[in-house]
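Enquirer: Predicted model follows, preceded by the sequence.
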Amino acid sequence: MTEEQLGFLEEQAEDVRLRALVAETPLADVEAREARRHADAQARHADALRSTVRELEREQDSLLDRISAELSAR
């Protein structure tokens, strides 16, 4: 779901950026910066989630290795 939200926010930020280029108004620039900030925040959130998943997978692999070693020792 986070990846879908990120994709949506990236597309929205690009659309708003293009509209701001055409409009050439201060308000359009503010809206474009705000849309970009939202997309960047979502990207950071997605990166943090990916990092957490990788860490949990490493921990899971380590625990499975320990369980396997303990079962083999019996």
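Expert: That came in fine, so what should we check first?
Enquirer: what sits against the residue nearest to the spatial centre of the chain?
Expert: The centroid of the chain falls nearest to Ala46 when counting by CA atoms, centre = their mean (1.9 Å). Ala46 makes contacts with Thr2, Glu3, Leu6, as judged by CB atoms under 8 Å, 6 or more residues apart in numbering. C-beta: built from backbone N, CA, C; applies to glycine.
Enquirer: Which element, helix or strand, includes the second one?
Expert: Spelled out, it's Glu3. helix 2-23 (DSSP states H and E).
Enquirer: Check the offset of the helix or strand just after that helix from the chain's centre.
Expert: As assigned by DSSP H and E, the chain's next helix or strand after helix 2-23 is helix 26-73. In terms of CA atoms, centre = their mean, to the nearest Å, the centre of helix 26-73 is found 7 Å from the chain centre.
Enquirer: rewinding a little: buried sites along the helix holding Glu3?
Expert: Buried residues in helix 2-23, counted by 16 or more other CB atoms under 10 Å: Leu6, Leu9, Glu10, Ala13, Val16, Arg17, Ala20.
Enquirer: will you turn the residues you listed into TSV that also has pLDDT?
Expert: Output for the buried residues of helix 2-23, formatted as TSV (pLDDT from 0 to 100):
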residue	pLDDT
Leu6	95
Leu9	96
Glu10	96
Ala13	97
Val16	96
Arg17	95
Ala20	96
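Enquirer: Now the two most distant members of these.
Expert: Leu6 and Ala20 (20.8 Å; CB to CB).
Enquirer: Skip the chain neighbours and tell me the closest residue to Arg19.
Expert: Closest residue to Arg19 apart from its sequence neighbours, by CB to CB, 6 or more residues apart in numbering: Ala28 at 6.2 Å.
Enquirer: Just confirm the one you found contacts Asp15, I think it does.
Expert: No - counting by CB atoms under 8 Å, Ala28 sits too far from Asp15 to count as a contact (11.6 Å).
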